[in-house]
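1. Pasting the sequence and the predicted model now:
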Amino acid sequence: MTQQHLTVITHPLVQHKLTIMRQKDVSTAGFRRLLREISLLLAYEVTRELEVTTMTIETPLCSMQAPTLEGKKLALISILRAGNGLLDGILELIPSARVGFVGLYRDPQTLTPVEYYCKVPNMLDQRMTIVVDPMLATGNSSVAAIDMLKQRGARNLRFLCLLAAPEGVARMAESHPDVPIFTAALDERLDDHGYIVPGLGDAGDRMFGTK
């Protein structure tokens, strides 16, 4: 399903694996494995618009003009810590991608995201930049991360998540209407604690076995 600003990836394998991940009795190891597998499938969709050129190659039979990626290698930016779960799978598909990390925490007084770490590739203005975080809940951290990346030159941005809430999609659309969102599911709502419902709990805790 595709809407303006939002693409929900309904591939049967994506939906099947997501259903397994949602179940509360899935082990930490199983959750990590499924997240890596599903990220490979999601990566196919989010990279559909990579620029392509041609180059001359020699096959065993003749020379030909063959398609190849054009321009600077794309950048993958993980929003710590849970973003690393999506990052691992995408790197299996695109091992040459440049990788960056954004760390944010929520100020207990103002409830606004505060940067504690940011290390990103150079020349972001010349790269497709894919920001990854399993959950798009309130959207506050995602908006803050993209603010930071735009300040560092990123222009061609995508946001990739496993689950999204309507509130987070609306927040992103308001703040960054030029950044398309790709997700495996648009869930119903946020609860009073900011968790996505029905969701799958805290992705970071389930990935790393913490509470």
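-> Thanks, I have the structure now.
2. Looking at the chain, which residue reaches furthest from the middle?
-> Note on the chain: the largest separation between a C-alpha and the mean C-alpha position, by C-alpha atoms, centre = their mean, falls on Leu61 (40.6 Å).
3. quick one: Asn122 from Phe159, how far?
-> Spatial separation of Asn122 from Phe159 under the definition C-beta to C-beta, to the nearest Å is 21 Å. Any C-beta I mention is one placed from the backbone N, CA and C, and that applies to glycine too.
4. got it, and Gly139?
-> The value you get for Gly139 to Phe159, if C-beta to C-beta is used, is 10 Å.
5. Tell me which of those two has more neighbours.
-> Under the neighbour definition other C-beta atoms under 10 Å, Gly139 and Phe159 were set side by side, and Phe159 has more, 30 against 24.
6. so who does the more buried one touch?
-> Phe159 makes contact with Ile130, Val131, Asp133, Leu136, Ser142, Ile146, Met172, Val179, Pro180, Ile181, Phe182, according to C-beta atoms under 8 Å, 6 or more residues apart in numbering.
7. mind listing which of those are in strands?
-> Ile130, Val131, Leu136, Ile181, Phe182 (DSSP state E).
8. got CSV for the residues you listed, with distance to Thr54, pLDDT and neighbour count too?
-> Supplementary listing: the ones in strands among the contacts of Phe159 in CSV, determined by distance: C-beta to C-beta, whole Å; pLDDT from 0 to 100; neighbours: other C-beta atoms under 10 Å:
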residue, distance to Thr54, pLDDT, neighbour count
Ile130, 24, 97, 25
Val131, 30, 97, 25
Leu136, 36, 95, 27
Ile181, 31, 97, 25
Phe182, 27, 97, 22
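9. I'd like the residues you listed laid out as JSON lines, including distance to Asp107.
-> As requested, the ones in strands among the contacts of Phe159 are exported to JSON lines (distance: C-beta to C-beta, whole Å):
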{"residue": "Ile130", "distance to Asp107": "27"}
{"residue": "Val131", "distance to Asp107": "21"}
{"residue": "Leu136", "distance to Asp107": "20"}
{"residue": "Ile181", "distance to Asp107": "25"}
{"residue": "Phe182", "distance to Asp107": "29"}
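10. Please tell me how far the closest residue to Val120 other than its chain neighbours sits from Tyr117.
-> For Val120, ignoring the flanking residues on the chain, the nearest one in space by C-beta to C-beta, 6 or more residues apart in numbering is Gly100 at 3.3 Å. Spatial separation of Gly100 from Tyr117 under the definition C-beta to C-beta is 10 Å.
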